[in-house]
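Colleague: Got a predicted model here, sequence first, then my questions.
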Amino acid sequence: MAVAYDEKQIKTLVREVLKDMSILTPENESDTSHERACNGRKIIIIGAVAAGMSAASKIKRLDKSAEVMVYEADEHVSYGACGLPYYISGDNDDVKKLYARPQEFFTKAGITLNTKHAVTKIFPVDKKIAVHDLKNNEFKIDHYDKLLIATGARAVTPDVEGADKQGVYSIKTVPDAEKIREDVLRPDVRRALIVGGGYIGLEACEAMLKRGMRVTIIEAADRLLGAFEPEMSELARKELEKHGVSIKTGEKLVKIEGATRAERVVTDKGSHEADLVILALGIKPNTEFLADSGVLLSENGAVITDREMRTNIGDIYAAGDCATVYSHIAGENVYLPLGGPANKCGRVAAANMLGASDKFIGVLGSAAIKVMDIEIATTGLTAVQAAGLKMDFAETVVAAPDLPHYYPGQTPLTIKLISEKKSGKLLGASACGEKGAVLRIDALAVAVYAGLSAETLSMMDFCYAPPFATVWDAMNIAGGKAARE
Ligand SMILES: Cc1cc2nc3c(=O)[nH]c(=O)nc-3n(C[C@H](O)[C@H](O)[C@H](O)COP(=O)(O)OP(=O)(O)OC[C@H]3O[C@@H](n4cnc5c(N)ncnc54)[C@H](O)[C@@H]3O)c2cc1C
């Protein structure tokens, strides 16, 4: 729980830190030249990946004269973490392709990018931050007019014996992926054990299968892909089992054994031999440095923001995996650590830091995953989420072909709709199939956002031609069934 300090206390704290860092000495104590004059245009961004760099670029596009200073603890910036599993699998062999833009691009755009600089504390009343230059092990205090917290999240490491052994990894950063890639190419590393059956665990699983490894997944819950509908979890499970993956649901990690390297994973149900262990147990917002700053955090440590990405403290904004985000369909803030919202919220924050009052339209929870030969996607509320919001809803599941029977390549599609019982309004949708499932969910995301009814969906004028769809698309069929139920 964040503690709020009054202005006097924060000023004292800032002075103490300045003294600790030898910036404020008895000789210059009365001199305030170490404090930059405020011209209203110095924007500091903490964190240089999706939210941070989309904000930095947008600021410069909107106002070339704005001073944009970015502090990033790591040396890697502006990379697509979403591409890491495909670098491990070898679908992409060029690590450089993971970077959206080279660092020089930002420098040329007039953005001052300080890598290996961790922000260790913020002082909102004095509009200052304490920065640790990790390269030179020096400290400094910097001043902001507007501050964006875009510090993302880190992989959760379980507090179990052996989690620090060699051969045990999380997948969060480029160096993580590089180390795993080196390992999966070793002839003696053939058995992978993945702890956690969420989307990152499943993407890791696919990467390991592509590298010819034998894979076991252990998942504490009773099904994979807990954020998706159970019907989709079941289809994912069948697909992975078809490819030889051993799936142990309802099984919890106890410890990892081995001399120096991981050799065995012990669970509450037994043990599994493994040459490599991937921990995919979720993420935790990087917000510890905000302790005592007065910035309000949610229960999981994410910064609470409004739809303009403002925190509870003036001139401080937050976006991305370190923050909560407004959900259009739930009408309240949720934690949804995904790349799309991080980029979009970074942009909204950028415009607002320059004086606009743009409101983020809100997330729907749209997400997709490829599981070997099938696609699974979801948007809006799942049944579990609708029940959590105490909604009176119906669940409709249909299985329909994607193409007419006479056209080559027909495959089945499963679509599930969640609709409000009284009005028929669409609240959520999920789909699974070998092809076309994700694109259908994109269409259904628009329907959910617009609040269309199942009845309208049943008659929606979707494209029809035999190479692409049936005359009654699977979405029309699902809408019709939901409207009748
Ligand atoms: C393997 C994997 C696959 C993914 N796949 C998808 C996908 O398919 N679709 C999707 O939408 N999303 C996906 N994501 C999620 C997506 O990558 C994140 O939502 C996105 O990267 C969040 O961006 P961000 O800028 O908020 O945070 P981050 O990417 O976490 O970046 C935050 C940066 O802040 C820095 N930082 C932290 N604390 C400090 C500090 N005190 N001082 C200075 N710097 C600091 C960190 O070093 C980090 O570089 C995936 C993530 C992973 C790991």
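Modeller: On my side now, so go ahead. Quick caveat: nothing in here was measured; it's all calculated off a predicted structure.
Colleague: what residues are up against the residue of the stretch 351-485 of the chain found nearest the ligand?
Modeller: Closest contact between the stretch 351-485 of the chain and the ligand, by C-beta to the nearest ligand atom, is at residue 367 (6.8 Å). All C-beta atoms are positioned from the backbone trio N, CA, C, and that covers glycine. If you count contacts by C-beta atoms under 8 Å, 6 or more residues apart in numbering, residue 367 has them with 199, 227-228, 338, 377-379.
Colleague: so what's it bridging to?
Modeller: Taking DSSP bridges as the rule, residue 367 bridges to residue 378.
Colleague: Roughly how far does it sit from residue 225?
Modeller: Distance, residue 367 to residue 225, using C-beta to C-beta, to the nearest Å: 10 Å.
Colleague: And for residue 316?
Modeller: Distance, residue 316 to residue 225, using C-beta to C-beta: 35 Å.
Colleague: Could you list the low-pLDDT ranges of this structure?
Modeller: 1-40 (pLDDT under 70).
Colleague: again, only using 90
Modeller: Under the criterion pLDDT under 90, the flagged ranges of the chain are 1-41, 101, 485.
Colleague: and it, which residues reach the ligand?
Modeller: With C-beta under 6 Å from any ligand atom as the criterion, the chain meets the ligand at residues 46-52, 71-74, 81-82, 84-85, 118-119, 150-153, 171-172, 200, 286, 289, 320-321, 337-340, 342.
Colleague: Can I have the buried ones of those residues as a PyMOL selection?
Modeller: Selecting only the buried entries of the residues of the chain next to the ligand in PyMOL, with 16 or more other C-beta atoms under 10 Å as the criterion:
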select buried, resi 46+47+48+49+50+51+52+71+72+73+74+81+84+85+118+119+150+151+152+153+171+172+200+286+289+320+321+337+338+339+342
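Colleague: Which of the residues of the chain next to the ligand fall within helices?
Modeller: Of the positions in the residues of the chain next to the ligand, 50-52, 84-85, 200, 339-340, 342 sit in helices, assigned by DSSP state H.
Colleague: Dump these into TSV; add distance to residue 206 as well.
Modeller: Below are these laid out as TSV (distance: C-beta to C-beta, whole Å):
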residue	distance to residue 206
50	22
51	27
52	29
84	12
85	7
200	11
339	18
340	21
342	23
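Colleague: tell me the contacts of the closest residue to the ligand within the stretch 151-300 of the chain?
Modeller: Minimum separation of the stretch 151-300 of the chain from the ligand (C-beta to the nearest ligand atom) falls at residue 152, amounting to 2.0 Å. Residue 152 makes contact with 47, 49-51, 285-286, 320-322, 337, 342, according to C-beta under 8 Å, 6+ apart.
Colleague: quick one: common contacting residues for residue 367 and residue 225?
Modeller: Contact criterion C-beta under 8 Å, 6+ apart; residues shared by residue 367 and residue 225: residue 199.
Colleague: circling back: now, among the ones in helices among the residues of the chain next to the ligand, which is nearest to residue 114?
Modeller: Within these, proximity to residue 114 (C-beta to C-beta) peaks at residue 52, which comes in at 11.8 Å.
Colleague: how near is the spatially closest residue to that closest one that is not a sequence neighbour to residue 143?
Modeller: Nearest non-adjacent residue to residue 52, counting by C-beta to C-beta, 6 or more residues apart in numbering: residue 150, 3.5 Å away. Computed as C-beta to C-beta, the residue 150 to residue 143 distance reads 19 Å.
Colleague: What are the boundaries of the strands in the stretch 201-350 of the chain?
Modeller: Taking DSSP state E, counting those that start in this stretch to define them, one finds strands in the stretch 201-350 of the chain at 214-219, 246-249, 253-257, 264-267, 271-273, 276-279, 283-285, 316-318, 325-327, 332-334.
Colleague: Now do the fifth one: distance to the chain's middle.
Modeller: Which is strand 271-273. Mean-position distance between strand 271-273 and its chain equals 30 Å (C-alpha atoms, centre = their mean, to the nearest Å).
Colleague: before we move on, what about the second one?
Modeller: If you compare the mean C-alpha spot of strand 246-249 with that of the full chain, they lie 25 Å apart, counting by C-alpha atoms, centre = their mean.
Colleague: who does that strand pair up with?
Modeller: Going by DSSP bridges, the partners of strand 246-249 are strand 214-219 (parallel).
Colleague: try the fourth one
Modeller: Strand 264-267 sits in its sheet next to strand 253-257 (antiparallel), strand 271-273 (antiparallel), going by DSSP bridges.
Colleague: ok, and which of the ones you listed has the densest surroundings?
Modeller: Comparing the strands paired with strand 264-267 on average neighbours per residue, with mean count of other C-beta atoms under 10 Å, the densest one is strand 253-257 at a mean of 19.
Colleague: quick check, distance from that one to the centre of its chain.
Modeller: How far strand 253-257 lies from its chain's middle: 27 Å, per C-alpha atoms, centre = their mean.
Colleague: just checking, residue 410 touches residue 433?
Modeller: No: judged on C-beta atoms under 8 Å, residue 410 makes no contact with residue 433 at a distance of 10.8 Å.
Colleague: More neighbours: the two, which one.
Modeller: Under the criterion of other C-beta atoms under 10 Å, the comparison of residue 410 against residue 433 puts residue 433 first, with 24 against 14.
Colleague: ok so, going back, quick one: the strands paired with strand 264-267 as TSV, columns for distance to residue 220 too.
Modeller: TSV is the format used below for the strands paired with strand 264-267 (distance: least, C-beta to C-beta, whole Å):
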stretch	distance to residue 220
strand 253-257	8
strand 271-273	14
